[in-house]
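Trainee: sequence unknown, structure follows:
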């Protein structure tokens, strides 16, 4: 067999049949590979969401499994209830008290773990221990620590000559206590996410900054923090979703689990649970769930638009518009086809 015939042989296309079937295989196979996730999400994700939206417009009877259409009456009843605004205020208060200190502390711990210290693996695994603890256990421990009379925190404060704080009767104090539980459990989780992003930053940047005379603080604000902005966007959005859906900590903060005698720490999810499984009013609970969903969607969109402008321009694929990108892809395909058709002609000339 001559060398010219070897070079003229076209590469064999792997597929289930002829040329047309192979092209369909290449186009459809990626969607078949990812279809199990979307099918499962459709069953356990989108269907419950759609069914909840349907129930929210009904005066639902759980025993019969049917309801009477009432339109937006359930939504109007929820919004006009003073309990809703109290729960919304408490949810935002606990969310801010937990998210902001949590992110600051997570960045600080991640910077420390990113240094060349002894037993790095041990310390990195140690920060994740609060996250793997059961939320009920964390809530029970901290609710006893923040007890009004015999709590550990008040005992330390009185020994220092500071008056005891009413952690359960005062609204703001209860928010601080619940936010402390959230910070204890989730700080390590966010720390590892930020640490993974820090590990991806090229070390050449720090070496060049050190040669230029930049200290650790300057390197943090000029290299580390700008490189972490995309990861911070992800952490902020996920913290927003989790913070506004907080349930376990306020539920286990006292023995009744109703949000306090005067609704001091009543959150939206805690009230939603009481409407659905305490009062058996599933129509109103579904309406409250959709209101919470819209609030989280709005806050997430605001976070995205505010933080998107802070992301570095590095990593942008192209500044071209979609039409220009399609035209460039079309021109590239035509160039490839032209080179393929020109290849047999060159081999004939060589022969």
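Mentor: Sure, I can see it. Predicted model, so just to flag it, every value in this text is computed and none were measured. Numbering: from 1, shown residues only.

Trainee: Confirm residue 68 sits in a helix?
Mentor: No. Looking at residue 68 with DSSP: H, G, I helix; E, B strand; the rest coil, it is strand, so not inside a helix.

Trainee: Please report how far it lies from residue 265.
Mentor: For residue 68, the distance to residue 265 (CB to CB, to the nearest Å) stands at 34 Å. Bear in mind the C-beta positions are built from the backbone N, C-alpha and C, glycine included.

Trainee: Looking at those two, which one has more neighbours?
Mentor: Between residue 68 and residue 265, counting by other CB atoms under 10 Å, residue 265 is the more crowded of the two (28 against 10).

Trainee: for residue 109, what are its contacts?
Mentor: Residue 109 makes contacts with 127, 187-188, 191, as judged by CB atoms under 8 Å, 6 or more residues apart in numbering.

Trainee: again, only this time at 10 Å
Mentor: With contact taken as CB atoms under 10 Å, 6 or more residues apart in numbering, residue 109 is in contact with 123-124, 127, 187-188, 190-192, 194-195.

Trainee: so of those residues, which ones are in helices?
Mentor: Those of the contacts of residue 109 mapping onto helices are 123-124, 187-188, 190-192, 194-195, per DSSP state H.

Trainee: Among the residues you listed, name the buried ones.
Mentor: Among the ones in helices among the contacts of residue 109, those classed as buried by 16 or more other CB atoms under 10 Å are 124, 187-188, 190-192, 194-195.

Trainee: and residue 59, what element?
Mentor: strand 58-61 (DSSP states H and E).

Trainee: In terms of secondary structure, what does that strand contact?
Mentor: Secondary-structure packing of strand 58-61 (3 or more CB pairs under 10 Å, 6 or more residues apart in numbering; DSSP states H and E): strand 66-69, helix 73-80, helix 282-308.

Trainee: quick one on the thing from earlier: and the contacts of residue 109, which two are the farthest apart?
Mentor: Largest separation among the contacts of residue 109 by CB to CB: 123 and 190, giving 15.7 Å.

Trainee: Any chance of the contacts of residue 109 in a markdown table with pLDDT and distance to residue 53 as columns?
Mentor: What follows is the contacts of residue 109, written out as a markdown table (pLDDT from 0 to 100; distance: CB to CB, whole Å):
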| residue | pLDDT | distance to residue 53 |
| --- | --- | --- |
| 123 | 87 | 46 |
| 124 | 84 | 43 |
| 127 | 88 | 40 |
| 187 | 92 | 35 |
| 188 | 90 | 36 |
| 190 | 92 | 32 |
| 191 | 92 | 37 |
| 192 | 91 | 36 |
| 194 | 92 | 36 |
| 195 | 92 | 39 |
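
Trainee: Nearest to residue 162 among the residues you listed?
Mentor: Closest to residue 162, out of all of the contacts of residue 109 and judged by CB to CB, is residue 187, at 25.3 Å.

Trainee: Surely that closest one and residue 106 touch.
Mentor: Yes. Using CB atoms under 10 Å, residue 187 and residue 106 qualify as a contacting pair, with a distance of 5.3 Å.

Trainee: Could you pull out the residues contacting both of these two?
Mentor: Residues touching both residue 187 and residue 106 (CB under 10 Å, 6+ apart) are residue 127.

Trainee: what mean pLDDT does stretch 197-216 have?
Mentor: Summarised as a single mean, pLDDT over stretch 197-216 is 86.

Trainee: scratch that, stretch 159-167
Mentor: The model assigns stretch 159-167 a mean pLDDT of 90.

Trainee: Does the residue nearest the centre of the chain lie in a helix or a strand, and which?
Mentor: When CA atoms, centre = their mean is applied to the chain, the residue found nearest the centroid is residue 238 (2.5 Å). Of the helices and strands defined by DSSP H and E, residue 238 is found in helix 225-244.

Trainee: ok, then the element right after that helix?
Mentor: With elements assigned by DSSP H and E, the helix or strand that comes after helix 225-244 is helix 248-251.

Trainee: for that following helix, packing partners?
Mentor: Applying 3+ CB pairs under 10 Å, 6+ apart, one finds that helix 248-251 contacts helix 82-113, helix 135-145, helix 171-199, helix 268-273.

Trainee: which ones are touching residue 50?
Mentor: residue 42.

Trainee: Need the pLDDT of it.
Mentor: pLDDT, residue 50: 89.

Trainee: From residue 286, how far off is it?
Mentor: To residue 286, residue 50 is 11 Å away according to CB to CB.

Trainee: now do residue 204
Mentor: Residue 204 is 54 Å from residue 286, by CB to CB.
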